[in-house]
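# Got a sequence here, can you build the structure:
(4 chains)
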4 protein chains.
Amino acid sequence: MVVRAAVAGASGYAGGELLRLLLTHPGTEIGALTGHSNAGQKLGALQPHLLPLADRVLEETAPEVLAGHDVVFLALPHGQSAAVAEQLGPDVLVVDMGADFRLKDPADWERFYGSAHAGTWPYGLPELPGGRAALEGSKRIAVPGCYPTAVSLALFPAYAAAIAENEAVVVAASGTSGAGKAARTHLLGSEVMGSMSPYGVGGVHRHTPEMIQNLSAAAGEPVTVSFTPTLAPMSRGILATCSAKARPGVGADAVRAAYAKAFADEPFVRLLPEGQWPATASVYGSNAVQVQVAYDEAAGRIIAVSAIDNLTKGTAGGALQSMNIALGLDESTGLSTIGVAP
Amino acid sequence: MVVRAAVAGASGYAGGELLRLLLTHPGTEIGALTGHSNAGQKLGALQPHLLPLADRVLEETAPEVLAGHDVVFLALPHGQSAAVAEQLGPDVLVVDMGADFRLKDPADWERFYGSAHAGTWPYGLPELPGGRAALEGSKRIAVPGCYPTAVSLALFPAYAAAIAENEAVVVAASGTSGAGKAARTHLLGSEVMGSMSPYGVGGVHRHTPEMIQNLSAAAGEPVTVSFTPTLAPMSRGILATCSAKARPGVGADAVRAAYAKAFADEPFVRLLPEGQWPATASVYGSNAVQVQVAYDEAAGRIIAVSAIDNLTKGTAGGALQSMNIALGLDESTGLSTIGVAP
Amino acid sequence: MVVRAAVAGASGYAGGELLRLLLTHPGTEIGALTGHSNAGQKLGALQPHLLPLADRVLEETAPEVLAGHDVVFLALPHGQSAAVAEQLGPDVLVVDMGADFRLKDPADWERFYGSAHAGTWPYGLPELPGGRAALEGSKRIAVPGCYPTAVSLALFPAYAAAIAENEAVVVAASGTSGAGKAARTHLLGSEVMGSMSPYGVGGVHRHTPEMIQNLSAAAGEPVTVSFTPTLAPMSRGILATCSAKARPGVGADAVRAAYAKAFADEPFVRLLPEGQWPATASVYGSNAVQVQVAYDEAAGRIIAVSAIDNLTKGTAGGALQSMNIALGLDESTGLSTIGVAP
Amino acid sequence: MVVRAAVAGASGYAGGELLRLLLTHPGTEIGALTGHSNAGQKLGALQPHLLPLADRVLEETAPEVLAGHDVVFLALPHGQSAAVAEQLGPDVLVVDMGADFRLKDPADWERFYGSAHAGTWPYGLPELPGGRAALEGSKRIAVPGCYPTAVSLALFPAYAAAIAENEAVVVAASGTSGAGKAARTHLLGSEVMGSMSPYGVGGVHRHTPEMIQNLSAAAGEPVTVSFTPTLAPMSRGILATCSAKARPGVGADAVRAAYAKAFADEPFVRLLPEGQWPATASVYGSNAVQVQVAYDEAAGRIIAVSAIDNLTKGTAGGALQSMNIALGLDESTGLSTIGVAP
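Here you go, the predicted model:
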């Protein structure tokens, strides 16, 4: 069986990464590609790294264009997915790479996104407890945000094992592709090269409630997350440095055991050997997640660090992994844990 | 009065940065420059950016070479400063840019550095409470580590004002020059470009006890610090993201007031206007420290972020600032808050 | 004497770099700062590295704002300088950092810029033969383009000494700040980091006729230049690799002698010792030019390489150097050959 | 048929890249992996991006280890390949990724490498005229150097079509991985980030005779090449800017026709649409070659620019492509033209 996939929003970074992966995914064929301001242009001018698709022309994101596909991926600005999804039948698998259907609590959505809540779809992070079951056979998938992917995978084992206090502190560094392809001054190469800077500080970043949602679910009780994102001088990658106080009586062995158990059978997450720490370069272009954890006895804290490629596991790879599950394919189809380094 | 300054260890990054600043410092003249494996070489081959010194030849780090100077800067590997300092008379101002004389507690030194404690010298971070008084007229100065400079300046206002609980969490990103000029595989450009990675995780980085020493002194009681350093793909700069729980009853106004007060008269530290966040590019090559602070109500935490140039304020600029104070010069002589950007 | 200087276009990269240098120039005081879309904003939000000017407010670029200054620097988009300059009296020194008054041949201007030629002003590259004399006492200065600065300095010694055939081939790599601060997709950090790419290939880059003008003047006969600019993943710096066939009978000694002679008394240009090659990092933030030259016997070509900081010597530093000459100040006032490295 | 492949020198960049590709090559299985100083170590510590091989242990590069494989790849320092190859039987396909067997003229080898010539093997650049025929069925392959790959592909069409004069000028920028993984000061991240610099200037780079050999063969007469390599602040990629005078009567149409013809049926080389120029980011991690060409009428020169990934098409991908041909597999097996961008 080969499914026919359309990509709405094929000119941006998320759409481009998805196409990169779809090109080698043996179970899909690439159907309609759409854009908005770029409709009518050849993909070769917009995504010059995708040579096999160079002569494909972008179409408008319209119902008749997206019709006739088995899977439709939405890589659209926040707030636009619901309208498009409604026009697709219930039998079409719709995979939303935007934020619209990630949050369960409408109040969270309204506070962080400032608009009406569109609903909640099955959440595409299979590694979370119960994550795969929620996706099997589903026709709608909300792909997680890039930061929540990195942070939830770094911390859920501690909460699932009840070894951490429910106040987490996260500082994450992201490559600039996470901010998208729209031209803005602060994202110019001249501004970002040689510079580290924080943004969205103080609990205001939109990915914060999504992390809280995931970790609270793993803990079975509310968890707070102090989240500070920083912009790093690289194109891709997220390094999430996460910590929480260890619960009384928890030591280094219990910490390691919790993480070893959580990832024992995961095809994409690797708990590194002790002493080796994740680097974003090692997961560049791959769907792998590298995780390491330590226990700081003096500070009494568990420190967990994860590295992902924000465009692959953090967006398009995660989307494909969830699609594979929803369609009943092998979860690893078309995905790998092999990074492009150095 | 012009003082004559020698630099022991002139071929490395700290020594080079010190020379860059000394070249425009109106109160000093550059005397002997020494190296070890590079003795006999011209500086032009080792520090090609210091054109005015290109024909100067490095000498051996020997007592007779360092004799006859008013100030001797030591940019030597850890553990070598004490032996050199002993041979210099008590009237010579010795400024140690290494770690040897920073820690007060010999047990801290022995645990983190694995050798016998050499002693404690006046600490070269004038912005700390009582910092300037300790330096005035001193003939020995221990220049702080780069991370402790960034972290102590970001957090001491919270502890001096007693608005923060005494458990701090710090994640800092440093440019690669902080790791020095010795050739090691993991510091190759091929390895670091496009990559973020942590190291020294779990409370084991040598700068940890120095931060604890500074913050505990500001708080008047023991403070723990969970410190995670990360290596960022840039040559220079440290971005320190620091947080601690706010004490009960503390809100955003109290937080801002504490920071405004702490830095009101500081020549090199600037609390940015609300809404603007530090970037390491903005302090590139300068002695400036950019600080911003926010209060995350949902998480109940104070988040303070600082940006410094690790080689300037974090090493050589801090050394000169302290020298100025010790010699009775204007503290800002030869130093500026003007970064080189973009 | 302290001259009062206004900067029209203070929010861009050229204007920011000029302010960085003016802040430490002992012979000037900073007067009006103007912008267009940014008028009314504080400089601290636009140029966060210029802390001493953070509270200065940008004004409109209007005659009454620019009036009352001894020097007015124009850092405006191409085509706007003439109108502003006309409104300034003949006794005001006007330094144009744009292209409008660089080219002598109106046909060149019209072909490459597509508009009517505004005129020709004394050219601000003092190192060229006769360069200083043209600037002394002048009230109008056309600051050279960044590429022509690097290329002309690398090649004019060969043409002035008549050792090179009159067909030059130049490939130059520039940091992204040369493309300015306007937000465009292809200049995003995500696009430029990790990538080298050419642009303006085939003799169509606007700086081409300016190079030809300079080198032809040095040669005393027409010189053709094949110029290919490339965009490099760095913020600052130009590395110009230039070559031409050696004239018959010319060997390595004659080549070196020509270059040694050309730069013997230059305060900012350094012919490096044999075997050492320029690096843009070595001139970062400085007005220095590093040059090296070799003779490739097998190919019969002279290869000359220069490195400059495109914003300093290539724009704002060159502007100040020329201003110093025009005003009768020491040419090096407020400028240095000390780079910020690593 | 699945062939069993050994990799001698699996801890370096070339070896790592080869393994990355072999992992998804359907016609091979990965046999022995050897190293020298790293023998006995797990690959996970040396190549952390190759998670599927993390537990594989490096063995010594010894005859008994390499025995029993169908293909042996040599990623060894120059001069070591001959001794290893001799010990492998004539039926084993030996693919040398080093320089030892590239040059036909022993005098060239001796002059540029300073040792005795080991011989000449079929040359692994199938796109050259007659390139594929030389590889079919061969049991020995000399993989081209990275620069010669980029330069030969950019220029051979001009020489094969006799439209260019036989004096070529090349300036190429390479990412740092081309210099290998051995730790040297000038390759530190601190040194290379933010910097462009030339090296091996004046015809002395070892890849020069290899380019001359290829282009002279295409031209059917001696071609000189003035080659200047530069080091760019990126991990991967080569951008080669190449030019030569057009022969009399040659215009833009003839130039384009020559290039269109040369690459019409090539699976990995794409002549970009007019107006679009190569970028190394677009071929990152892929075996693609992007080429563009222009005719500069004023300078009378053909300018051809190519972009490759130095580790993929420039080393390991080129090696696999040649292996495919030698083994009678489809030439594109396990290789793609899909880059990882942004």
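# residues in contact with residue A:331?
Contacts for residue A:331 (CB atoms under 8 Å, 6 or more residues apart in numbering or on different chains) come out as A:126, A:132, A:267, A:321, A:324-325. Where C-beta positions appear, they are placed from N, C-alpha and C, glycine not excepted.
# ok, 6 Å please
A:321, A:324-325 (CB atoms under 6 Å, 6 or more residues apart in numbering or on different chains).
# tell me which of those is nearest to residue A:46?
The closest of the contacts of residue A:331 to residue A:46 turns out to be residue A:321 (CB to CB; 25.3 Å).
# Secondary structure element for that closest one, which one?
Residue A:321 belongs to helix A:317-327 when assigned by DSSP states H and E.
# for the stretch 101-250 of chain A, what are the low-confidence residue spans?
Filtered on pLDDT under 70, the stretch 101-250 of chain A yields no residues whatsoever.
# what about the strands in chain A?
A:3-8, A:28-35, A:59-60, A:71-74, A:93-96, A:140-142, A:164-174, A:197-198, A:224-231, A:238-246, A:269-271, A:289-296, A:301-308 (DSSP state E).
# picking that back up, now do the helix holding residue A:321 against strand A:289-296: the angle between them, please.
110 degrees (axes from the mean of the first three to the mean of the last three CA atoms, to 10 degrees).
# re the thing from before, any idea which of the strands of chain A gets closest to chain C?
strand A:224-231 (8.7 Å; CB to the nearest CB).
# The closest one vs chain C: in contact?
No. Strand A:224-231 lies apart from chain C when judged by CB under 6 Å from any CB of the partner chain; the minimum separation is 8.7 Å.
# how much space between residue A:254 and residue B:153?
According to CB to CB, to the nearest Å, residue A:254 and residue B:153 sit 36 Å apart.
# and the two? which has more neighbours close in?
Using other CB atoms under 10 Å in any protein chain shown as the criterion, residue A:254 and residue B:153 rank with residue B:153 on top: 28 against 17.
# which residues touch that one?
B:127, B:289, B:306 are the contacts of residue B:153 under CB under 6 Å, 6+ apart.
# Keep only those residues that also lie close to chain A.
Within the contacts of residue B:153, nothing lies near chain A by CB under 6 Å from any CB.
# Mind putting those residues into TSV with neighbour count?
Formatted as TSV, the contacts of residue B:153 follow (neighbours: other CB atoms under 10 Å in any protein chain shown):
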residue	neighbour count
B:127	22
B:289	28
B:306	27
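# and which of those is nearest to chain A?
residue B:306 (10.4 Å).
# Quick one, grab the pLDDT at that closest one.
pLDDT for residue B:306: 98.
# ok, so what distance separates residue A:242 from residue D:233?
Residue A:242 is 31 Å from residue D:233, by CB to CB.
# An error on my part: the question was meant for residue A:77.
33 Å.
# Then residue A:95?
37 Å.
# surely residue A:193 meets residue C:237?
No. Counting by CB atoms under 6 Å, residue A:193 stays clear of residue C:237, with 11.3 Å between them.
# Could you check which of the two is surrounded by more residues?
Higher neighbour count among residue A:193 and residue C:237: residue C:237, with 34 against 27, using other CB under 10 Å.
# Not counting its neighbours along the chain, what's nearest that one?
residue C:280 (2.9 Å; CB to CB, 6 or more residues apart in numbering or on different chains).
# And the contacts of residue B:153, which is closest to residue A:57?
residue B:306 (49.8 Å).
# Kindly state the beta-bridge partners for that closest one.
Beta bridges link residue B:306 to residue B:240, residue B:291, judged by DSSP bridges.
# Quick one: name the residues of the stretch 151-300 of chain A near chain C.
Counting by CB under 6 Å from any CB, the stretch 151-300 of chain A sits next to chain C at A:176-177, A:183-185, A:187-190, A:192-193, A:235.
# if we go to 10 Å?
Within the stretch 151-300 of chain A, the residues that sit near chain C (CB under 10 Å from any CB of the partner chain) are A:175-195, A:197, A:231-236.
# Just the ones of those residues in helices?
Mapping these onto helices (DSSP state H) picks out A:189-192.
# Now list the buried members of those residues.
With burial judged by 16 or more other CB atoms under 10 Å in any protein chain shown, the buried subset of those is A:189-192.
# Let's have the ones in helices among the residues of the stretch 151-300 of chain A next to chain C in JSON lines, adding distance to chain D.
Formatted as JSON lines, those follow (distance: CB to the nearest CB, whole Å):
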{"residue": "A:189", "distance to chain D": "11"}
{"residue": "A:190", "distance to chain D": "11"}
{"residue": "A:191", "distance to chain D": "14"}
{"residue": "A:192", "distance to chain D": "12"}
